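J.: need a 3D model of the sequence below.
(chains A and B)
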There are 2 protein chains.
Amino acid sequence: MVKPTIKVTGNARQERGLQTPWDHRYAHRTKQMTSSAVRELLKFTEQPEVISFAGGMPAPDLFPIEEFAEACQKVLHEHGAQALQYGITEGYTPLREQISRHTARYGISINPDNVLITTGSQQALDLIGKIFINRGDRILVESPTYLGALQAWNAYGAEYITVPLDENGMDTDALEEALRYGPKFIYVLPNFQNPTGVTLSMERRYKLVELADRYGVPIIEDDPYGQLRYDGEHLPSIVAIDHQYRENHDHCYRGNVIYLSTFSKILAPGLRLAWVVAPHEVIRKMVEAKQGEDLNTSTFNQLVAHEVSKGGFLDEHIKLIRKVYRERRDAMLAAMDRYFPPEVDWTHPDGGLFLWATLPEYLTSKDVLEEALKQKVAFVTSEPFYPDGSGHRSMRLNFSYSMPDKINEGIHRLGSVIKAKAEEKKKEL
Amino acid sequence: MVKPTIKVTGNARQERGLQTPWDHRYAHRTKQMTSSAVRELLKFTEQPEVISFAGGMPAPDLFPIEEFAEACQKVLHEHGAQALQYGITEGYTPLREQISRHTARYGISINPDNVLITTGSQQALDLIGKIFINRGDRILVESPTYLGALQAWNAYGAEYITVPLDENGMDTDALEEALRYGPKFIYVLPNFQNPTGVTLSMERRYKLVELADRYGVPIIEDDPYGQLRYDGEHLPSIVAIDHQYRENHDHCYRGNVIYLSTFSKILAPGLRLAWVVAPHEVIRKMVEAKQGEDLNTSTFNQLVAHEVSKGGFLDEHIKLIRKVYRERRDAMLAAMDRYFPPEVDWTHPDGGLFLWATLPEYLTSKDVLEEALKQKVAFVTSEPFYPDGSGHRSMRLNFSYSMPDKINEGIHRLGSVIKAKAEEKKKEL
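T.: Numbering: from 1, shown residues only, chains lettered A, B, ... in the order given. Predicted structure coming up:
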């Protein structure tokens, strides 16, 4: 090697007090970007002695390991060259066909051109931000709403119009008022909402579809948990209602709704596989955006998910998940009845992964979390779910991840923390 | 189900001639987004009778199927619950440790906090755009340069300052002039550049590091092919030179370069696995951005890649890839000597996947492609690699994907097309 005669000093940088030459080069949008409270808690909750109600993690004991092992062998030995290669951005065609058939069960006739496979639903939210949101655009969201959507859209400079929700989901009377502020679109999680666990009632679903059509404002329907219902009957999705009331039924959805769902809660989040159902024109734009983001979702994982899901296995597996999660939800509700003081209120979800507990006025969930972490119990406080940073008194509690005895123990500890904090505050007053 | 009394008409929309309610809602940035010419060609080249020099696809016959099959079994049976679950955004820690050790071989002492796992290098390019590029920021690129970077950064409103390259890579004399236009960063592919196949000389590498430091402009080094060298000796990477000439050597890189590489070309692109080496502060910002984009890269794929790579397998596998691709490059060069008219010039890459052929002045690569597709041969024309849309006369030819006899046949057909087109043009003149 020739001895070079160069000088690299970093002087200019050091004089200005910069750690790295990158420090003063960040884009404006990074000021609006925040690290997710949930993701940061994940690191803490990896410790085995912690009982975590924090993440939205499926029960690892239910992962169909053997079915995955078989599917990997089959995919590699029968389609190895395709599975390990680049694929088309839209997604593996047989998987999109499978999703089209699955969607048709719920009365929405679509074709694979209405489907895009994404790298988790988080990518779908990001792509929606990328193709629709200009800086300053207002997005209509439930309050509270899924923090991952806020995180994705903040990076594109979104602002928010909020509509409160109650035990029947988004308040559709308040919605009509809010629509007059000109939102770009409505974002709604109709089933077992994240974070509250509440479900949009039948009546309000129709009202939402009708109002959205009347005001010409489209809808993003985020439905990761729709299959995970433990009580009552399945309610039609917003996209199904929208489709049903339009005249075009030629197997190509052209309506007012972009529908998101995922394999993360019914199969495994480690695959990072989700899907979008939307008018073909929207899918095309999302494909362009996705090309610039990751070319295509892992071909291997798509083939494996297709292989695992086929032949009715997924339906059977979902039945098992429902049974187990119902027990866990019931365990959590029973423990809360037993250990939580009467001043605390909570929701009673018919499905999904979460419930939402609200503390009395003199307590904040941040106060409780601080002490709870010392007692090795974790949950997520409410602020990150409110775009305006309000809502200091609630706790999102996940019941899917831990076994019933752990849930009982964790709620016991949490109840003690709340009681102690309440005593403390009462003394102060 | 209660019979609802709603009306969904879409009237307002139809009166304005809109296909879907989404039509008039796209963000301004979508105007700058384009579908990649390469990705669109992929669909055509899926037909088995087509000989494709278009994609940047590895040879499917070299994928280590058996090793993957074994690794999947091991990962699922020993770490199934972890592999199928969400993971931390930074990436699987043992994989980041493996990459740190691999990087240290080349004289760059880093730790896992300097490493981020991304969903392909395309995601790394997108995250860089997201955290650094404000609308109107100027990025300094080689001309021609990798079209995927342009595609990622156009979405953030990037503009470009171009520096020409020759057989020794980016012209560093022109670079100094260009640096005065205030670029946000320099983007360079030093090894077997995409699309041209040329390599930045040793002397110019030092010049680049020195100039970047003097002007206070950081560097993105994109190195997907560095391990795939067929002739000559490995040249130190830009990040290694930058590191070597700084005083801080405390196992934590803090310099002027963000380095990108990938498992796509040395293992399998179907995994969508790549990595970034950067100062820890930059990694932290990228982690925030990645949380909003896809939470984390597939945990399963990270564990599988870690399992396949360990114990020296990857080094042995890369030797095999080098041997096979060297033969294919030689087959392509020999066929070009035989079948291409003397008016065509081309590069002689020492490694990588591509070479770059330039037609005589009276021909455009678009004219040639049109006819070539009829003859079932595909390649990529040059325009998409030039940010200003110039460069109409070159063809990017991939030699990794097809076997030597197919390469010979494809170049034969392509030579005939060029000759026929040249005759046609000469007659017109």
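J.: partner strands of whichever strand in chain A runs longest and their direction?
T.: What stands out as the longest strand in chain A, according to DSSP state E, is strand A:159-166. Using DSSP bridges, strand A:159-166 pairs in its sheet with strand A:138-143 (parallel), strand A:169-170 (antiparallel).
J.: any chance of a markdown table for those, columns mean pLDDT?
T.: A markdown table is the format used below for those (pLDDT from 0 to 100):
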| stretch | mean pLDDT |
| --- | --- |
| strand A:138-143 | 98 |
| strand A:169-170 | 98 |
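J.: poorly predicted segments of the stretch 301-429 of chain A, please.
T.: Across the stretch 301-429 of chain A, nothing is flagged by pLDDT under 70.
J.: where exactly do the strands run in it?
T.: A:345-346, A:354-358, A:377-378, A:380-381, A:394-398 (DSSP state E, counting those that start in this stretch).
J.: ok, which of those strands comes nearest chain B?
T.: Taking CB to the nearest CB as the criterion, strand A:394-398 is the member of the strands of the stretch 301-429 of chain A that comes nearest to chain B, at 12.0 Å. Where you see a C-beta, it was placed from the backbone N, CA and C, and this is true even at glycine.
J.: quick one: that closest one to strand A:354-358, angle?
T.: 160 degrees (axes from the mean of the first three to the mean of the last three CA atoms, to 10 degrees).
J.: what pairs with strand A:394-398, parallel or antiparallel?
T.: strand A:354-358 (antiparallel), strand A:380-381 (antiparallel).
J.: hang on, the earlier thing: Serialize the strands of the stretch 301-429 of chain A to JSON lines and add fields for mean neighbour count.
T.: As requested, the strands of the stretch 301-429 of chain A are arranged in JSON lines below (neighbours: other CB atoms under 10 Å in any protein chain shown):
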{"stretch": "strand A:345-346", "mean neighbour count": "16"}
{"stretch": "strand A:354-358", "mean neighbour count": "22"}
{"stretch": "strand A:377-378", "mean neighbour count": "24"}
{"stretch": "strand A:380-381", "mean neighbour count": "24"}
{"stretch": "strand A:394-398", "mean neighbour count": "26"}
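J.: check which residues of the longest strand of chain A are buried.
T.: Buried residues in strand A:159-166, counted by 16 or more other CB atoms under 10 Å in any protein chain shown: A:160-163, A:165.
J.: kindly report the same for stretch A:411-420.
T.: Quick answer for stretch A:411-420 (16+ other CB under 10 Å): A:411-415, A:417-418.
J.: circling back to that earlier point, dump the strands of the stretch 301-429 of chain A to a markdown table, plus distance to B:V377.
T.: Below are the strands of the stretch 301-429 of chain A laid out as a markdown table (distance: least, CB to CB, whole Å):
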| stretch | distance to B:V377 |
| --- | --- |
| strand A:345-346 | 66 |
| strand A:354-358 | 55 |
| strand A:377-378 | 59 |
| strand A:380-381 | 56 |
| strand A:394-398 | 55 |
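J.: now the helices for the stretch 251-400 of chain A?
T.: Here the stretch 251-400 of chain A has its helices, by DSSP state H, counting those that start in this stretch, at A:280-294, A:299-309, A:313-339, A:365-374.
J.: deepest of these, which one?
T.: helix A:299-309 (a mean of 25; mean count of other CB atoms under 10 Å in any protein chain shown).
J.: any idea how far that helix is from the chain center?
T.: Offset of helix A:299-309 from its chain centre (CA atoms, centre = their mean, to the nearest Å): 21 Å.
J.: and if you look at stretch A:387-394?
T.: The answer for stretch A:387-394 is 18 Å, by CA atoms, centre = their mean.
J.: low-confidence regions, the stretch 101-250 of chain A specifically.
T.: Applying pLDDT under 70 to the stretch 101-250 of chain A flags the ranges A:247-250.
J.: one more time with 90, if that's ok
T.: A:104-109, A:243-250 (pLDDT under 90).
J.: write out the residues of it neighbouring chain B.
T.: A:119-120, A:122-123, A:125-126, A:130-134, A:137, A:148, A:151-152, A:154-156, A:184-185, A:202-203, A:206-207, A:209-210, A:213, A:216-218, A:236, A:241-242, A:245-246 (CB under 8 Å from any CB of the partner chain).
J.: and the residue of the stretch 301-429 of chain A nearest chain B?
T.: Chain B sits closest to A:N301 of the stretch 301-429 of chain A, with a gap of 5.9 Å, by CB to the nearest CB.
J.: quick check: that residue touching A:R272?
T.: Yes: counting by CB atoms under 8 Å, A:N301 does reach A:R272; the two are 6.9 Å apart.
J.: any common contacting residues for the two?
T.: B:S298 (CB atoms under 8 Å, 6 or more residues apart in numbering or on different chains).
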